[in-house]
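**Student:** Need a 3D model of the following:
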Amino acid sequence: MEIVNVSEYEGLAKEKLPKMVFDYYASGAEDQWTLQENRRAFERIRFRPRVLVDVSEIDTSTTVLGFKISMPIMIAPTAMQKMAHPDGELATARAASAAGTIMTLSSWATSSVEDVSSTGQGIRFFQLYVHKDRYVVAQLVRRAENAGFKAIVLTVDTPRLGRREADIRNRFSLPPHLTLKNFEGLDLGTLEKTGGSGLASYVANQIDRSLCWKDVKWLQTITNLPILVKGVMTAEDTRLAVQAGAAGIIVSNHGARQLDYVPATISCLEEVVKAAKGQIPVFLDGGVRRGTDVFKALALGASGVFIGRPVVYSLAVEGEAGVRKVLQMLRDELELTMSLAGCCAVKDINRSYIQTEADMFRALSRL
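**Tutor:** Coordinates of the predicted model:
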């Protein structure tokens, strides 16, 4: 069967992967309401296309933190990619580089920052969890800098791991032939088998629950790399991120894997963009499966989007070629959407091209 859209990889990955691995990638927290809502919320946004616009040339390129990339579609940090494919993060890094976009490497990767750097040229960000042992944090950041990574993506929504019931049921642990490569030399590279989720136990033992805004300032004292704060969903936290000197915000609900019944990220985006007041760029992750989704996020003020699950699903099915295909499909769909909406460049996409449910209610209330 020819794969013609990004979502088709999920079913194929489910057939191919062990149940424990697929469930780890696919599941959300508790009732998984937010997991479904991350997709449903995109479906409730409508287009307001413009016609008779010269769209003979379409430019999907954009700039992120000063780096020119081919499209406003980047790769989010997803952990333990060698569970999906033997090449894991190395294949993803090569695919991102070939597509001319940015890859974010997870702290909990099964390939080290040095391994990923060795795949060749590419713009790469490093996602950071703050461990209780700040020496571990400082060493990780230094290694990422030395390996040529261009930004730190600080995940701020995980003082504890969300209740992922599939992982509890499956007694999730990292397969024995794999380790969390960035922590291998620190005796923190394995997940112990437990009566529940091995990852939840790891987080409870290692991750610093006292993390707060002053620690963003502390992070700036140990690195000159720009810091993107990932996991912000409100105007209040946006203003605090700006005050703390963040270089950008990623609106994220952790793929609906942390607190269930939070809104979809696309539903929070406009609030965050308005609070940022153009002082720092705002990005989005969560639920992006179509070029139309990308356009909707850009129209609501995002400077770009990050994709997670489509990467691991396509990696599982077709390795590096699968990830390349996902990126190409999304770019092609975005280009088509821009053409049909009447936008020739990413900078032309604005709020006037879409209609949200709130817009529809306001219009009705004026009748």
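**Student:** Identify each buried residue in stretch 161-177, please.
**Tutor:** Applying a neighbour-count criterion of 16 or more other C-beta atoms under 10 Å, one finds 161, 162, 163, 164, 165, 166, 167, 170, 172, 173, 174 buried in stretch 161-177. Any C-beta I mention is one placed from the backbone N, CA and C, and that applies to glycine too.
**Student:** my read: the third one touches residue 29, true?
**Tutor:** It refers to residue 163. Yes - using C-beta atoms under 8 Å, residue 163 is in contact with residue 29, at 5.6 Å.
**Student:** Of the buried residues of stretch 161-177, just say which sits nearest to residue 149.
**Tutor:** residue 174 (23.1 Å; C-beta to C-beta).
**Student:** any idea how far residue 60 is from that closest one?
**Tutor:** 37 Å (C-beta to C-beta, to the nearest Å).
**Student:** do residue 163 as well
**Tutor:** 39 Å.
**Student:** same check, this time on residue 42
**Tutor:** Counting by C-beta to C-beta - residue 42 and residue 60 are separated by 19 Å.
**Student:** just residue 310 next, same as before
**Tutor:** In terms of C-beta to C-beta, residue 310 sits 17 Å off from residue 60.
**Student:** out of the two, which sits in the more crowded spot?
**Tutor:** It is residue 310, of residue 310 and residue 60, that has more neighbours when counted by other C-beta atoms under 10 Å, with 25 against 20.
**Student:** What helices and strands are in contact with the host helix or strand of the more buried one?
**Tutor:** Residue 310 belongs to helix 309-341 when assigned by DSSP states H and E. Packing contacts for helix 309-341, counted by 3 or more C-beta pairs under 8 Å, 6 or more residues apart in numbering; DSSP states H and E, involve helix 8-16, helix 19-26, strand 73-75, helix 88-99, helix 291-299.
**Student:** Using TSV, please lay out those together with mean pLDDT.
**Tutor:** As requested, those are exported to TSV (pLDDT from 0 to 100):
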stretch	mean pLDDT
helix 8-16	98
helix 19-26	97
strand 73-75	98
helix 88-99	98
helix 291-299	98
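**Student:** want to throw these into JSON lines with distance to residue 119?
**Tutor:** Below are those laid out as JSON lines (distance: least, C-beta to C-beta, whole Å):
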{"stretch": "helix 8-16", "distance to residue 119": "22"}
{"stretch": "helix 19-26", "distance to residue 119": "22"}
{"stretch": "strand 73-75", "distance to residue 119": "13"}
{"stretch": "helix 88-99", "distance to residue 119": "5"}
{"stretch": "helix 291-299", "distance to residue 119": "25"}
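**Student:** out of the ones you listed, which comes closest to residue 258?
**Tutor:** Comparing the helices and strands packed on helix 309-341 by C-beta to C-beta, helix 19-26 comes nearest, at 14.6 Å.
**Student:** For the closest one, C-alpha coordinates in PDB please.
**Tutor:** The C-alpha trace of helix 19-26 is given here as PDB (Å, rounded to 0.1, in the frame of the first residue of the first chain):
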ATOM      1  CA  LYS A  19       2.900  -3.600  22.100                       C
ATOM      2  CA  MET A  20       4.900  -2.100  24.900                       C
ATOM      3  CA  VAL A  21       6.900   0.200  22.500                       C
ATOM      4  CA  PHE A  22       3.900   1.300  20.400                       C
ATOM      5  CA  ASP A  23       1.800   2.000  23.500                       C
ATOM      6  CA  TYR A  24       4.700   4.100  25.000                       C
ATOM      7  CA  TYR A  25       4.800   6.300  21.800                       C
ATOM      8  CA  ALA A  26       1.100   6.400  21.200                       C
END
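**Student:** Which secondary structure elements does it sit against?
**Tutor:** helix 8-16, helix 165-170, helix 309-341.
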